[in-house]
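Engineer: attaching a predicted model along with its sequence, questions to come.
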Amino acid sequence: MSHRKIIHVDMDAFYASVEQRDDPSLRGKPIAVGGAGRRGVLTTASYEARPFGVGSAMPTFEAMRRCPDLIVVPPRFSVYHEVSQHVRAIFARYTDLIEPLSLDEAYLDVTRTKIGPPSATRIAERIRADIARETGLTASAGVGPGKFIAKVACGMDKPNGLTVVTPDEALAFVAALRVEQFHGVGPVTAARLHGLGLRTGADLARRTQDELERHLGKTGRWLWRIAQADDPREVRPHRIRKSVGAERTFGHNVSRLTEMEALLRPIAEKLADRLATHRLRGRSVTLKTKYADFALHTRAHTGSDLIETSDALHAEAVRLLHAAPVSRAVRLLGLSVSSLVYPGQSEAVQLRLRLEEAWEAA
């Protein structure tokens, strides 16, 4: 079992919290960030809106039906990026081992810190205090001996919470989790696990690795290892990526192209966030479609211009959507960007990376 000290930090309702911070009239009220109008889709919602069932990727009209007093605010991505950079600078005071996942969350390895006590718990407390004092925003954090435990722990006490899992507590923590809380377990995999009588981490741990791998392939091998609280993945601050992606599984199957176009907007915004976080641009855009029967289809286009903004991503996604019109219900849409260019990277280096690297979805 790893004895590294990993912190996962996640800003609380990031976009909505920034809007409430900057406009005092919005504080304490149910707000959402996203597009207005019949075809608008939300990017995120404040904690005041969530008890009404309002959440990200929800059509605005549905959110307004659930919460008639909801205030919808247009996104200001340049502001969110600026705040994200400030938060990243706070992380960098304590460690150089920072792996951003998006504008509002990151892994930190604080096994050895630059300043402060040799305690991941104390470092997490300091980081959260620095963020609150300097940005006026709150962040939740999870501390654990590996990435998986730290990330799950981070979601245990939101908003503005801190959950710590020590190495001695790791096995019991994982054993108590529902299989749905394991990364990579969606509704289909969860149903298969339930069919095998597996509902918790403890159930997974009691099976052999070979048995889980026989039923679930690589996913089974991963689940068995995590059920043993064995997560060897390192925090990788300079990970080389060949693609960056974002996707969304919908609560209901979508049949109309106009609705798909609207739902692609927050996906494009999330992908643009991830590109901005890693300071990346790319030339190839891939649209991923999963149908109601779980059949998967992708279509892609590579252009001469570098692409990075949410507007450009959405426009390309819509073009791909109409290039081969969808004729049946869809349960998932996703976008990814490849043929990536890093800051200061030459065209020759970029070509070599395209030829040598394996495809990786973020």
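Structural biologist: Yes, it's here.
Engineer: give me the neighbour count for A190.
Structural biologist: 17 (other C-beta atoms under 10 Å). C-beta here means a position set from N, CA and C on the backbone, and glycine is covered the same way.
Engineer: ok, now how distant is it from H183?
Structural biologist: Distance of A190 to H183, given as C-beta to C-beta, to the nearest Å: 12 Å.
Engineer: the residue lying closest to V330 once chain neighbours are set aside: how many residues sit nearby?
Structural biologist: Distances taken as C-beta to C-beta, 6 or more residues apart in numbering place V254 nearest to V330, at 5.0 Å, with adjacent residues excluded. By other C-beta under 10 Å, the residues close to V254 number 20.
Engineer: repeat for G161
Structural biologist: 17.
Engineer: just the strands in the stretch 51-200 of the chain please.
Structural biologist: 71-73, 98-102, 105-109, 139-144, 162-164 (DSSP state E, counting those that start in this stretch).
Engineer: okay, buried residues for the last one please.
Structural biologist: Read it as strand 162-164. Of the residues in strand 162-164, 162-164 count as buried by neighbour count, 16 or more other C-beta atoms under 10 Å.
Engineer: in its sheet, what does it sit against?
Structural biologist: Note on strand 162-164: by DSSP bridges, its sheet partners are strand 139-144 (parallel).
Engineer: just the helices in this structure please.
Structural biologist: Applying DSSP state H to the chain gives helices spanning 14-22, 60-66, 77-94, 120-135, 147-154, 170-175, 187-195, 201-206, 209-216, 218-227, 257-277, 310-323, 347-356.
Engineer: okay if I get those helices as a markdown table plus distance to K290?
Structural biologist: Shown next, in a markdown table, are the helices of the chain (distance: least, C-beta to C-beta, whole Å):
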| stretch | distance to K290 |
| --- | --- |
| helix 14-22 | 26 |
| helix 60-66 | 21 |
| helix 77-94 | 27 |
| helix 120-135 | 36 |
| helix 147-154 | 24 |
| helix 170-175 | 29 |
| helix 187-195 | 10 |
| helix 201-206 | 25 |
| helix 209-216 | 18 |
| helix 218-227 | 16 |
| helix 257-277 | 12 |
| helix 310-323 | 14 |
| helix 347-356 | 26 |
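Engineer: so which of those is nearest V337?
Structural biologist: Closest approach to V337 among these (C-beta to C-beta): helix 257-277, 6.4 Å.
Engineer: send me that closest one as CSV with only the CA atoms.
Structural biologist: The C-alpha coordinates for helix 257-277 follow below in CSV (Å, rounded to 0.1, in the frame of the first residue of the first chain):
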residue,chain,number,x,y,z
LEU,A,257,-30.5,17.4,-33.1
THR,A,258,-31.3,20.9,-31.7
GLU,A,259,-31.2,19.5,-28.2
MET,A,260,-27.9,17.7,-28.9
GLU,A,261,-26.5,21.0,-30.2
ALA,A,262,-27.4,22.7,-26.9
LEU,A,263,-26.1,19.9,-24.8
LEU,A,264,-22.7,20.1,-26.6
ARG,A,265,-22.3,23.7,-25.4
PRO,A,266,-21.3,22.8,-21.8
ILE,A,267,-19.2,19.9,-23.0
ALA,A,268,-17.3,22.3,-25.2
GLU,A,269,-16.9,24.7,-22.3
LYS,A,270,-15.6,22.0,-20.0
LEU,A,271,-13.1,20.9,-22.7
ALA,A,272,-12.0,24.5,-23.3
ASP,A,273,-11.4,24.7,-19.5
ARG,A,274,-9.2,21.6,-19.6
LEU,A,275,-7.2,22.9,-22.6
ALA,A,276,-6.7,26.2,-20.8
THR,A,277,-5.6,24.5,-17.6
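Engineer: what helices and strands are in contact with it?
Structural biologist: strand 42-45, helix 77-94, strand 98-102, strand 243-254, helix 310-323, strand 330-341 (3 or more C-beta pairs under 8 Å, 6 or more residues apart in numbering; DSSP states H and E).
Engineer: quick one: that helix to helix 14-22, angle?
Structural biologist: 80 degrees (axes from the mean of the first three to the mean of the last three C-alpha atoms, to 10 degrees).
Engineer: which intervals of the stretch 51-200 of the chain have sub-threshold pLDDT?
Structural biologist: Across the stretch 51-200 of the chain, not a single residue meets the criterion (pLDDT under 70).
Engineer: hmm, the residue nearest to V330 is touching R328, no?
Structural biologist: No. With contacts counted by C-beta atoms under 8 Å, V254 stays clear of R328, the gap being 10.3 Å.
Engineer: joint contacts of the two?
Structural biologist: With C-beta atoms under 8 Å, 6 or more residues apart in numbering applied, the contact sets of V254 and R328 do not overlap.
Engineer: hmm, A317 is touching L287, no?
Structural biologist: Yes. At 5.5 Å, A317 and L287 qualify as touching, with contact defined as C-beta under 8 Å.
Engineer: joint contacts of those two?
Structural biologist: L335.
Engineer: show me what contacts the residue nearest to V330?
Structural biologist: Contacts of V254 (C-beta under 8 Å, 6+ apart): 260, 263, 329-331, 333.
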